[in-house]
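Enquirer: Fold the following, please.
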Amino acid sequence: MNNRISRSVLEDNHKRLIDQYKANLSDVCAIQSILSDEILSHVVQELALSDADHTWAKEWISDTATIFRFLRHHGFVRSLALEAIYTALIWRLNVLRLFALPSALLHCLPPPICDPLGRPLVFLQLSELLTCEQKMMDGLLISLERLSIHLRSLNTLNNEFVNREVILQCVFVIDLEGLSVQSVNLKILTWLMKEVVPQYPGMLGAVFFLNYSWTYAITWSIMKSLLPKSAVAKVFFPSREELLLYCSASALPSNYGGALSPLHLIEDPLNSHEQKNYASIASREWCMPAPSTGLPETLHRQPSSVTIPPRSFLNPFFGYPSVASFSRQHTVQQGRRRKRDLLLTLSVLWWKKWGTRVIITLYFLIVVSLARKRVRRVARWMLGVALPSGSTLLAMT
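Expert: Numbers count the residues shown, from 1 in each chain. Below you'll find the model as predicted:
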C-alpha cells in the first residue's frame, strides 16, 4: 500500500502533464476549431437545439483544459479524441439538465487554498453517500459538473496574469470513516466508472484516503494489481500527520489537522450561488422533458424520440432496447428482440441478487489463501531456525 505521500512522484507527474499541455496546445486549438465550425453546427441541426443549449455547448467546447484532457486520455490521437468529445457532447445535451438540484456531495476549498502544486483540494465524506441511490447518483453527477466549471473559472482568472500555470486537475481527499467495505454500493460504483467518469477524463491528479481500516488495506492490495501503474501512482493512504506534512496547516480544515475552520464552515465554490445559477443539473436514465415550472422557455427541449435502456424501469419491454416517442407508443428497436438480450438481462438480474455474496465469498477465499501461504512461510522459517545446520528430525529423535 502507498502509505506515504510521494511528493517527488506527484511533482514529476504534474510537470509531465504541464509539458504535454504546452506541447499539444496547437492540436487542442485545431480540435476546437473543428468542433465549433463543423460538429456543433451539425448537432444544432440534428437535435434542433435552442439558443440556450447552443450557447451552453459552445462554452463547453471553448474550454481548452477540457479538450486537452480528452486528447490526452485518448493518447493524443485527434480522431479518437474528436469521436469521444462528440459522444460526450451528445451525452451532455441528453443527460444534463439546467434546473436546480440539491447541493453537491463534494466540498471544494475556495481559492487561493490549494495543494503545493496549485491544484484545488476537494473533500468527500463517503459516509454521506449512504442515502437514496438516485440522490447519490444525482449528487455525484452535479458535483463533477460543478467541479469542471470551477476549474474553468480558475483558468479564466489565471489568464489575466502572466506566467500562471493552467489548472488541469484537482486533488481528492476521501474520508472513509463510518463506511465499511460491505456497505459500498457496487451499482453506483459501476455506473460512476462506466458512464460518468469517461465524460470527465483526467481531472484527478491524486487521491488521499483517510481513516481507513485494515479491510480497506487488504482490498487495495488486491485491487492495485488490476489497475494500471499510472492510476496506482495517484492513490495514497496517508495518516493525518503525513497529509499535514504535504499540504501544510494553512490548507487543511481543523477536523483534518489543519489551521482552517471545520470543513462544514468553509465556503464551498461548488455550492455557491453563482454555481447553482450557472449550471444546476439532473441525471436521468433517459432523456425526459424538463419540467414546465420555473424555467425559461428557451431551456425546454423535447426530442421527437429517445432510446430507453433495456433494463430501465421506464421500459415496458424489459430486457430489450426500445424507443419512446411523444407521438406514438413505445416500440422495440428493429431487429433487437434476440435471445442474447434475454440472456444478458437474466445474467444482470442474477448478479444484482447474488453479486455481493459472490464478491464477499471470493474476497474471503483470497484472504484465507493469502493467510495460509503466510502461515506456511512462517512455519518453514521457524522449522529452519529450530533445526541445527546439517541435522535431521530422525537424528534429533
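
Enquirer: roughly how far out does the helix or strand residue 350 falls within sit from the chain middle?
Expert: Per DSSP states H and E, residue 350 falls inside helix 339-386. For helix 339-386, the separation from the chain centroid amounts to 27 Å (computed by Cα atoms, centre = their mean, to the nearest Å).

Enquirer: What of stretch 222-229?
Expert: With Cα atoms, centre = their mean, you get 17 Å for stretch 222-229.

Enquirer: Quote the end-to-end distance of it.
Expert: End-to-end distance of stretch 222-229: 14 Å, with Cα to Cα, to the nearest Å as the criterion.

Enquirer: So what's the residue count around residue 18?
Expert: Residue 18 has 14 neighbouring residues, counting by other Cβ atoms under 10 Å. Using the backbone N, CA and C atoms, a C-beta is placed for each residue, glycine as well.

Enquirer: Alpha carbons only: can I get stretch 207-219 in CSV?
Expert: Output of stretch 207-219 as CSV, limited to C-alpha atoms (Å, rounded to 0.1, in the frame of the first residue of the first chain):
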residue,chain,number,x,y,z
VAL,A,207,-6.5,10.9,-4.2
PHE,A,208,-5.7,10.6,-0.5
PHE,A,209,-7.8,8.1,1.6
LEU,A,210,-8.1,8.9,5.3
ASN,A,211,-9.4,6.9,8.3
TYR,A,212,-9.1,3.6,6.5
SER,A,213,-9.3,0.2,8.3
TRP,A,214,-7.3,-3.0,7.7
THR,A,215,-10.1,-4.3,5.4
TYR,A,216,-9.5,-1.4,3.0
ALA,A,217,-5.8,-2.1,3.1
ILE,A,218,-6.3,-5.7,2.1
THR,A,219,-8.9,-4.7,-0.6
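
Enquirer: contact partners of that stretch?
Expert: Stretch 207-219 is contacted from outside by 1, 5, 171-177, 180-181, 234-238, 240, 243, 256, 363, 367, using Cβ atoms under 8 Å, 6 or more residues apart in numbering.

Enquirer: which of the residues in that stretch are buried?
Expert: Neighbour-count burial for stretch 207-219, counted by 16 or more other Cβ atoms under 10 Å, picks out 207-212, 216, 218-219.

Enquirer: that's a strand at residue 124, yeah?
Expert: Yes: using DSSP: H, G, I helix; E, B strand; the rest coil, the assignment for residue 124 is a strand.

Enquirer: so what's it up against?
Expert: Listed by Cβ under 8 Å, 6+ apart, the contact set of residue 124 reads 105-107, 172-175.

Enquirer: now swap in residue 369 and tell me
Expert: Neighbours of residue 369 in contact, by Cβ under 8 Å, 6+ apart: none.

Enquirer: number of nearby residues for residue 149?
Expert: Using other Cβ under 10 Å, residue 149 has 19 neighbouring residues.

Enquirer: Next, the buried residues of the strand or helix carrying it.
Expert: Secondary structure from DSSP H and E places residue 149 in helix 133-158. By neighbour count on 16+ other Cβ under 10 Å, the buried set for helix 133-158 is 136-155.

Enquirer: if we can go back for a sec, so which of the contacts of stretch 207-219 are in strands?
Expert: 171-175, 235-236 (DSSP state E).

Enquirer: Which parts of this protein are strands?
Expert: Assigned by DSSP E, the chain shows strands spanning 107-108, 121-125, 170-175, 204-210, 235-236, 305-308, 322-325, 331-332.

Enquirer: for the fourth one, what is the average pLDDT?
Expert: If I follow you right, that is strand 204-210. Computed over strand 204-210, the mean pLDDT rounds to 91.

Enquirer: do the same with the third one
Expert: The average of the pLDDT scores along strand 170-175 is 93.

Enquirer: quick one on the thing from earlier: how about the contacts of residue 124, which pair is most distant?
Expert: 105 and 173 (13.5 Å; Cβ to Cβ).

Enquirer: who's more crowded, those two?
Expert: More neighbours surround residue 173 than the other of residue 105 and residue 173, with 24 against 21 (other Cβ under 10 Å).

Enquirer: and the more buried one, bridged to which residues?
Expert: Beta-bridge partners for residue 173, by DSSP bridges, are residue 123, residue 208.

Enquirer: can you pull the contacts of it?
Expert: With Cβ under 8 Å, 6+ apart, residue 173 has these contacts: 121-124, 207-208, 210, 243, 256.

Enquirer: Please convert those to TSV, extending it with distance to residue 269.
Expert: Compiled in TSV, the contacts of residue 173 are given as follows (distance: Cβ to Cβ, whole Å):
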residue	distance to residue 269
121	11
122	10
123	12
124	15
207	19
208	20
210	22
243	21
256	18
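
Enquirer: And those, which is closest to residue 165?
Expert: Of the contacts of residue 173, the one sitting nearest to residue 165 (Cβ to Cβ) turns out to be residue 121, at 16.5 Å.

Enquirer: So for the closest one, what pLDDT did the model give?
Expert: 95.

Enquirer: Next: residue 318.
Expert: 64.

Enquirer: if we can go back for a sec, quick check, nearest of the contacts of residue 124 to residue 42?
Expert: Closest to residue 42, out of all of the contacts of residue 124 and judged by Cβ to Cβ, is residue 106, at 33.9 Å.
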